[in-house]
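Enquirer: Provided below are the primary sequence and the corresponding predicted coordinates.
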Amino acid sequence: MLTTTPLLTHQHEAVAKLLPTRVGALFMDMGTGKSRTAIELVKLRQQKISRVLWFCPVSLKATVKHEILKHTDATADDIHVFNGKTNTRNVPAVLWYVIGIESISSSNRVALTANSLIDENTLVIVDESSYIKGHRSMRTQRITQYAKRAKYRLILTGTPVSQGVVDLFAQMRFLSPKILGYQSYYSFAANHLEYSDKYRGLIVESHNEAWIAAKIRPYVYQVTKDECLTLPDKLYTARYCDLTNEQSEYYALAKEEILELLMEEEINSYVIFQLFTALQQISCGFWNRHTTDPSGNPIEQFIELRHNRLEMLLETVDSIRPDEKIIIWAKYRYDIQQISAALADEYGSDSIAQFYGDLNERKRSDQVDRFRSDARFFIATPSCGGHGLTLNEANTVIFYNNGFKYSERIQAEDRCHRIGQTRKVTYIDIWTDCGIDERISHALAHKANVVEAFKAEVDKIKENRKKNVSELIKSL
């Protein structure tokens, strides 16, 4: 296996520190390249390992696969992402296995299959290792027990401690019980935790934290965004999710309807815009469908669909330090409503400021003031909030989805990347693993308008025009 992207300075430092040890932890902020660093450690150990088991939250399985493909010469055939059919009888022999952490406790089939793959020379990675911080949970106990046979173990997270040093015990025990020297949680707690006499299980104080820090230091590389002085001033990362079966069905239907339309009229930018909008809406969990009744009269249907994009957003927010303000750009009003409701349930309605077209000028101004004071989240449409605002209070930006114009994207990016911003800004894109998002991502990377780029492809077709255009649309 070869890597295809260079390491940054802090990633070189991380590799240099952890390579001499068989176990280690990458405590690195989102956007600083934990996955790329882990992949480098795999490359440098590939002569010593039999396979890699990469445990991650279920919602991140597609993201991990994309990271491996992005940074190595691996093909999709070199990676097996555990699915509903994977079992001990049909699991293929490959280098990379990507497994959902939650599935280890919810599915005996997945647990048994994962366990069967681990031998002495396996490298076991636990991504977002805060998912195994609960020492009593079944997934923590199973993954820790299985990984004992593996010579190489690695954990990755940007938030190793969210509730105090108690979070470190299970993560360090996964790496090796020798690091802290405790064989049980209770001996660890007796030496380091003080519990409330009034409220059972409530930790009121921690002790000997400096001793814990000294014990784990040889096995941990830790860095924050602001410490990565050699990083560019804009940091980009992406997360991916799959279409649900319901989305896939409507996605195919939308393409069929456009193909029927092409039998009646010539393809043009407006028709392409209709198609792309429909496909993007479906990828976001809804479809404002324009069709006709049996008599040919136009009708409009609003269809809501099960989808994974919102769950991916919540997973992403959960991985960001709770003291960080976050800007979330979303294209559709439906997105704004769904995101706001989900974040309100999780963090409270007072944490949210909104900025979109239906608000008048005074309300928009009030929402900006709320974000600059107490609100943690600024949820806005790029078409409305992407111009004129200065939002330097945040240095983390999530694009829930993207528009079709590069100019709109760069304007939205620069709301918090302007004079007065003293920190590196991280931009996180949430993509669905489908043709329309691939088109948008590719166009934005090349600073292009996605509709016009697709239209240019159509215009290149000189012969058998209808047939080739149909094939082009089916490929989306």
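Expert: Good, I have the coordinates. Here the structure is a predicted model, which is why all the values come from computation and not from measurement. Numbering: from 1, shown residues only.

Enquirer: right, and Leu7 touches Ile39 too?
Expert: No. Counting by C-beta atoms under 8 Å, Leu7 does not reach Ile39; the two are 9.8 Å apart. All C-beta spots, glycine's among them, are computed from the backbone N, C-alpha and C.

Enquirer: Of those two, which one has the most company?
Expert: A side-by-side neighbour count of Leu7 and Ile39, using other C-beta atoms under 10 Å, places Ile39 first with 26 against 17.

Enquirer: and that one, that's in a helix?
Expert: Yes. Read with DSSP: H, G, I helix; E, B strand; the rest coil, Ile39 is one of the residues of a helix.

Enquirer: And the pLDDT at Glu438?
Expert: What the model reports for Glu438 is a pLDDT of 93.

Enquirer: Nearest residue to it in space, please, no chain neighbours.
Expert: Distance criterion C-beta to C-beta, 6 or more residues apart in numbering; nearest residue to Glu438, sequence neighbours excluded, is Trp431 at 8.0 Å.

Enquirer: Tell me the secondary structure at that neighbour.
Expert: State at Trp431, reduced to three classes by three-state DSSP: strand.

Enquirer: From Ile326, how far out is it?
Expert: Distance of Trp431 to Ile326, given as C-beta to C-beta, to the nearest Å: 18 Å.

Enquirer: same thing with Ala93?
Expert: Distance of Ala93 to Ile326, given as C-beta to C-beta: 42 Å.

Enquirer: Looking at those two, which is more packed in?
Expert: It is Ile326, of Ala93 and Ile326, that has more neighbours when counted by other C-beta under 10 Å, with 21 against 8.

Enquirer: Count the neighbours of the spatially closest residue to the more buried one that is not a sequence neighbour for me.
Expert: Using C-beta to C-beta, 6+ apart and skipping the chain neighbours, the partner closest in space to Ile326 is Thr396 (4.9 Å). Here the number of neighbours of Thr396 (other C-beta under 10 Å) works out to 25.

Enquirer: Number the chain from 36, please
Expert: Happy to do that; since the first residue is 36 now, the last one works out to Thr431.

Enquirer: What residues are recorded as beta-bridge partners of Thr431?
Expert: On the basis of DSSP bridges, Thr431 is bridged to Ile361, Thr461.

Enquirer: do the same with Met63
Expert: Listed beta-bridge partners, Met63: Val258 (assigned using DSSP bridges).

Enquirer: For it, the count of nearby residues, please.
Expert: Residues lying near Met63 (other C-beta under 10 Å) number 26.

Enquirer: pretty sure it is touching Glu262, no?
Expert: No. Using C-beta under 8 Å, Met63 is not in contact with Glu262, being 9.9 Å away.

Enquirer: what's near enough to touch Met347?
Expert: Met347 makes contact with 94, 274-276, 465 under the criterion C-beta atoms under 8 Å, 6 or more residues apart in numbering.

Enquirer: and it, backbone torsions?
Expert: Dihedral pair for Met347: phi -60, psi -40, per degrees, to the nearest 10.

Enquirer: Please identify which pair of the contacts of Met347 lies farthest apart.
Expert: Across the contacts of Met347, the longest distance by C-beta to C-beta is 10.3 Å; it joins Ser94 and Ile465.

Enquirer: Phe209 falls within a helix, correct?
Expert: Yes. Secondary structure of Phe209 (three-state DSSP): part of a helix.

Enquirer: Find the nearest non-adjacent residue to it, please.
Expert: That would be Thr179: by C-beta to C-beta, 6+ apart, it lies 4.8 Å from Phe209.

Enquirer: Quick one: neighbours of the one you found, just the number.
Expert: Applying other C-beta under 10 Å, we find 20 residues neighbouring Thr179.

Enquirer: ok, it - contacts?
Expert: Residues in contact with Thr179 (C-beta under 8 Å, 6+ apart) are 167, 205, 208-209.

Enquirer: Tell me if it really is in a helix.
Expert: Yes. According to three-state DSSP, Thr179 belongs to a helix.

Enquirer: can you count the residues close to Glu137?
Expert: A count of nearby residues for Glu137, using other C-beta under 10 Å, gives 16.

Enquirer: what pLDDT does it get?
Expert: At Glu137, pLDDT is 91.

Enquirer: and it, what element?
Expert: Using DSSP states H and E, Glu137 falls within helix 136-141.

Enquirer: Of all residues in this structure, which one is nearest the centre?
Expert: Closest to where the C-alpha atoms of the chain average out (C-alpha atoms, centre = their mean) is Arg274, at 2.9 Å.

Enquirer: CA atoms only for whichever strand or helix holds it - export them in PDB, please.
Expert: Assigned by DSSP H and E, Arg274 belongs to strand 269-276. Output of strand 269-276 as PDB, limited to C-alpha atoms (Å, rounded to 0.1, in the frame of the first residue of the first chain):
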ATOM      1  CA  LYS A 269      -8.400  27.100   6.200                       C
ATOM      2  CA  LEU A 270      -8.800  23.500   7.200                       C
ATOM      3  CA  TYR A 271     -11.200  21.200   5.300                       C
ATOM      4  CA  THR A 272     -12.700  17.900   6.300                       C
ATOM      5  CA  ALA A 273     -15.700  15.900   5.200                       C
ATOM      6  CA  ARG A 274     -18.200  13.300   6.500                       C
ATOM      7  CA  TYR A 275     -20.200  10.900   4.400                       C
ATOM      8  CA  CYS A 276     -23.500   9.100   4.800                       C
END
